[in-house]
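[1] predicted model and sequence follow; I will ask about them next.
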Amino acid sequence: MVRQVPSFEQLPSSVASFFKEYRLASLLKQSRVTKQAGIPANRLFTFLLTLVFSGRSLSRNLDPQRETGFCKDTVYRFLNASTHNWRRFLLLLAQSVVARMQLLTSKDRTEVLIVDDSLYNRNRSKNVELLARVYDHATHRFVRGFRMLTLGWSDGNSFVPLAFSLLSSEKTENRIQDMDSSADRRTSGYRRRRESILKATVVLFDLLAQAKAAGIKTRILLFDSWFAFPSTIVRAVGEEMTVICMLKAMKTVTYSVQGKRLTLAQIYALVKKRRGRAKILASIEVEVGQNEQGQGVPAKIVFVRDRNRSKQWLALLCTDVTLSDEEVIRLYGERWNIEVFFKVLKSQLRLARELQGRSYDAMVAHTTIVFTRYLLLAVETRNEQDPRTLGALFLAMCDEMTDLRYAEAIARLLQFFTRVTEGVASEESTEIEVAVQHFIASLPSTIKARIAA
């Protein structure tokens, strides 16, 4: 016999094993992501998670002929629920992924936390909740959208996103739309809204505290020059973190060198450079800001030649003065993993482009689902020691979903053929059954496994 399998239940083997291994259904329940009426939340989450691999839009996948069993209103009702604690879900999932990856990582390998922000572009929207004018560092102009502040973990091989916040603007004049006044103040959705209008540095330390509470004990924090202010560095050191960051030469920011307050450019002019074409030009110990006792925080600044502009230099700061210059540069190089992460989200996993929800809850929910897709690809690459890039692995999963659609089509044809031949004489029926079984046996194994009873 041949059974008909609805398309939303046809999961690639890698997705099915990911669901089972990391107990996603249980994590959703722990995070209060439960059904409101009718369709189970786990089923809707599965549908949205695999939507990008199907090669179809949301409306095409909800075509009545595909028999998904729910409509677009059901999907958006699920995404708009303010009671769903998506921050908790992502942290629980990331904690499990990090724990598994640590078993595959040498104890000699250094683990780091990376924080950065990226543009969440909604430039063609007007009525999106908490929409703001934010600065795009790539185009150097203001656009409509959010700053997606992200905290992630890396062991130098894999990157795992731990938490994020879609930041609007703390300045009322920069916010195009305000918060929905009807939001329930008892829900996690309301807390995320309040968080979105805080300063990025305040939210950064909230994310670090939540990651620490979730069991992420990594002590090295990497960030770029946009966060490299003395107050941020001093506070991170107070949280028992070792900071490694890029510095920007600013006239208003000074460092203490031998009792003198000097800017970064003045320090570079002061230090003795290495001869020749050395990549590491110089290093010097300084003091940054002041802690609660009124003392400067010891740090090391390493000056590196800019490989794109040989006559220019870059400066890295590290609050652990015992680390060698080479180790500081090597560890900061791991920050590039979060840039690759942002690129994959936007170019392949359809961040901010797949759905057009206007509520803040819907954007948080969909962004969490996109982050989960990335975790799926990262886990698959790590477990199988797959030499392919994440992009190649993404395309392979799309091909697998296409095979499943073929399997569904063949299953329906065989069902129709079985109904048509029900009135055939028994002798002819036996011959037809043999021919059908021979046809099924000749199919590719991935398709045969889906249609055989």
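    Received the coordinates, thanks.
[2] output stretch 347-366 as PDB, restricted to C-alpha atoms.
    The C-alpha coordinates for stretch 347-366 follow below in PDB (Å, rounded to 0.1, in the frame of the first residue of the first chain):
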ATOM      1  CA  SER A 347      21.800  36.100   1.700                       C
ATOM      2  CA  GLN A 348      20.500  32.500   2.200                       C
ATOM      3  CA  LEU A 349      18.200  32.100   5.200                       C
ATOM      4  CA  ARG A 350      16.000  35.100   4.200                       C
ATOM      5  CA  LEU A 351      16.300  37.200   7.400                       C
ATOM      6  CA  ALA A 352      13.800  40.100   7.300                       C
ATOM      7  CA  ARG A 353      12.700  39.100   3.700                       C
ATOM      8  CA  GLU A 354      10.600  36.000   4.100                       C
ATOM      9  CA  LEU A 355       7.600  37.400   6.100                       C
ATOM     10  CA  GLN A 356       6.200  40.800   6.300                       C
ATOM     11  CA  GLY A 357       4.900  41.000   9.900                       C
ATOM     12  CA  ARG A 358       4.300  44.400  11.400                       C
ATOM     13  CA  SER A 359       4.300  43.500  15.100                       C
ATOM     14  CA  TYR A 360       7.500  43.500  17.100                       C
ATOM     15  CA  ASP A 361       6.600  40.000  18.300                       C
ATOM     16  CA  ALA A 362       6.500  38.600  14.800                       C
ATOM     17  CA  MET A 363       9.900  40.000  13.900                       C
ATOM     18  CA  VAL A 364      11.500  38.500  17.100                       C
ATOM     19  CA  ALA A 365       9.800  35.200  16.400                       C
ATOM     20  CA  HIS A 366      10.900  34.900  12.800                       C
END
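[3] ok now that stretch, how far from the chain's centre?
    Distance of stretch 347-366 from its chain centroid, counting by C-alpha atoms, centre = their mean, to the nearest Å, is 13 Å.
[4] same check on stretch 141-151?
    Relative to the chain's own centre, stretch 141-151 is displaced by 15 Å; criterion: C-alpha atoms, centre = their mean.
[5] so the spatially most central residue of the chain is in which element?
    The chain has residue 371 as the residue nearest its centroid, 3.5 Å off, counting by C-alpha atoms, centre = their mean. Assessed by DSSP states H and E, residue 371 sits inside helix 360-384.
[6] next, the buried residues of that helix.
    By neighbour count on 16 or more other C-beta atoms under 10 Å, the buried set for helix 360-384 is 360-382. Any C-beta I mention is one placed from the backbone N, CA and C, and that applies to glycine too.
[7] who does the helix or strand hosting residue 192 touch, helix- and strand-wise?
    Using DSSP H and E, residue 192 sits in helix 188-195. Helix 188-195 is packed against helix 86-103, strand 159-167, helix 360-384, with contacts defined by 3 or more C-beta pairs under 8 Å, 6 or more residues apart in numbering; DSSP states H and E.
[8] re earlier: now the residue nearest to the centre of the chain, nearest residue through space, not along the chain?
    Excluding its sequence neighbours, the residue lying closest to residue 371 (C-beta to C-beta, 6 or more residues apart in numbering) is residue 161, at 4.9 Å.
[9] which strand residues sit across from that neighbour in the sheet?
    The partner list for residue 161 in beta bridges (DSSP bridges) reads residue 152.
[10] the one 4 residues further on too?
    Here residue 165 sits in beta bridges with residue 149, as judged by DSSP bridges.
[11] can you report how many residues neighbour it?
    Burial of residue 165 is recorded as 24 neighbouring residues (other C-beta atoms under 10 Å).
[12] these two touch, right, it and residue 210?
    No - the criterion here is C-beta atoms under 8 Å, and residue 165 misses it with residue 210 at 10.4 Å.
[13] just the helices in the stretch 151-300 of the chain please.
    Ranges of helices in the stretch 151-300 of the chain, per DSSP state H, counting those that start in this stretch, are 188-195, 200-213, 230-238, 264-270.
[14] now do the SS call for residue 342.
    Classification of residue 342 using DSSP: H, G, I helix; E, B strand; the rest coil returns helix.
[15] now the stretch 1-150 of the chain, which segments are flagged as low pLDDT?
    Scanning the stretch 1-150 of the chain with the threshold set as pLDDT under 70 gives 1-12, 64-67.
[16] how about 90 then?
    1-17, 35-39, 50-73, 101-109, 124, 136-140 (pLDDT under 90).
[17] again, but for the stretch 351-453 of the chain
    In the stretch 351-453 of the chain (pLDDT under 90), the answer is 352-357, 377, 379-453.
[18] how about 50 then?
    The model of the stretch 351-453 of the chain has pLDDT under 50 over residues 386, 388, 403-404, 406, 453.
[19] neighbours of residue 355, just the number please.
    Using other C-beta under 10 Å, residue 355 is surrounded by 19 other residues.
[20] quick one: contacts for the nearest residue to it once chain neighbours are set aside?
    Spatial nearest neighbour of residue 355, chain neighbours left out: residue 366 (5.3 Å); criterion: C-beta to C-beta, 6+ apart. Contacts for residue 366 (C-beta atoms under 8 Å, 6 or more residues apart in numbering) come out as 48, 79, 354, 355, 357.
[21] mind putting those into TSV with distance to residue 33 and secondary structure?
    TSV is the format used below for the contacts of residue 366 (distance: C-beta to C-beta, whole Å; DSSP: H, G, I helix; E, B strand; the rest coil):
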residue	distance to residue 33	secondary structure
48	11	helix
79	11	helix
354	19	coil
355	17	coil
357	16	coil
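[22] so which of these is surrounded by the most neighbours?
    For the contacts of residue 366, the largest neighbour count, defined by other C-beta under 10 Å, is 23 neighbours, found at residue 48.
[23] wait, is residue 316 part of a strand?
    Yes - counting by three-state DSSP, residue 316 is found in a strand.
[24] from residue 268, how far out is it?
    For residue 316, the distance to residue 268 equals 12 Å [C-beta to C-beta, to the nearest Å].
[25] more crowded one of the two?
    residue 316 (22 against 18).
[26] how about the nearest residue to the more buried one, chain neighbours excluded?
    That would be residue 302: by C-beta to C-beta, 6+ apart, it lies 4.7 Å from residue 316.
[27] and if you look at residue 77?
    residue 36 (6.5 Å).
[28] verify the contact between the one you found and residue 81 for me.
    Yes - counting by C-beta under 8 Å, residue 36 sits close enough to residue 81 to count as a contact (6.5 Å).
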